[in-house]
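[1] Pasting the sequence and the predicted coordinates here, then a few questions.
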Amino acid sequence: MTDTTTSQTAGTDTAVCEYVRALLRVRLADEQARQERIRTLEKAGHRIVNGGQTSGGSDDVQAWEITDWRTGDLIVNGTGDYTAYDEAAQRLDPDGKWLHIDNLDEDGTEVEPVGIPASLAEALQEWLGSAPDEDVAEFVGWSVEEVTRHREEA
């Protein structure tokens with residue numbers, strides 16, 4: 001028979017908190033590496049852009065735009081399918097110096113769940129993706145500001 005009068009989760013509680021902390025640390029390191037890649041590309045003369053389809057509908061009436069990723073300034077917009085988008089990008093960037101921000105993102109570093117089941121690790125990752133900074137801070141014992149810093153994306 002299992003003894004339900006004493007806590008048997010003390011090690012698990014520590015492992016769970018430490019796993020969430022590790023996820024936060026890796027997130028910050030991954031973002032810092034991403035920012036360094038972007039700075040290096042910009043120093044080499046590349047312009048980082050964002051954009052794509054902005055409305056639904058049939059191919060000939062889809063709206064799209066291209067913006068400067070760093071400033072958010074609109075570079076060009078139009079309607080049509082992906083061909084119209086590509087033609088505008090090529091016309092405005094004949095040297096191929098524009099890079100779409102989505103193509104610069106890499107898969108995040110994996111954190112090995114030590115001392116907890118893989119299914120719990122997956123649930124914690126989902127929770128971390130949607131929980132308010134205040135909840136995460138309380139759970140891991142950090143300040144809200146520190147959690148925010150670890151979760152920020154430029």
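    Happy to help now that I have it.
[2] Quick one: mean pLDDT for the helix ranked longest in the chain?
    Criterion DSSP state H: the longest helix present in the chain is helix 10-43. Averaging pLDDT along helix 10-43 yields 89.
[3] Now do the buried residues in it.
    Ala15, Val16, Tyr19, Val20, Arg21, Leu23, Leu24, Arg27, Asp30, Glu31, Arg34, Ile38 (16 or more other Cβ atoms under 10 Å). For glycine as for every other residue, the C-beta is placed from the backbone atoms N, C-alpha and C.
[4] which one of those sits closest to Asp107?
    Nearest to Asp107 out of the buried residues of helix 10-43 is Asp30 (Cβ to Cβ; 9.0 Å).
[5] before we move on, what SS does the nearest residue to that closest one once chain neighbours are set aside have?
    Sequence neighbours aside, Gly108 is the residue nearest to Asp30 in space, at 5.1 Å (criterion: Cβ to Cβ, 6 or more residues apart in numbering). Look at Gly108: counting by DSSP: H, G, I helix; E, B strand; the rest coil, its state is coil.
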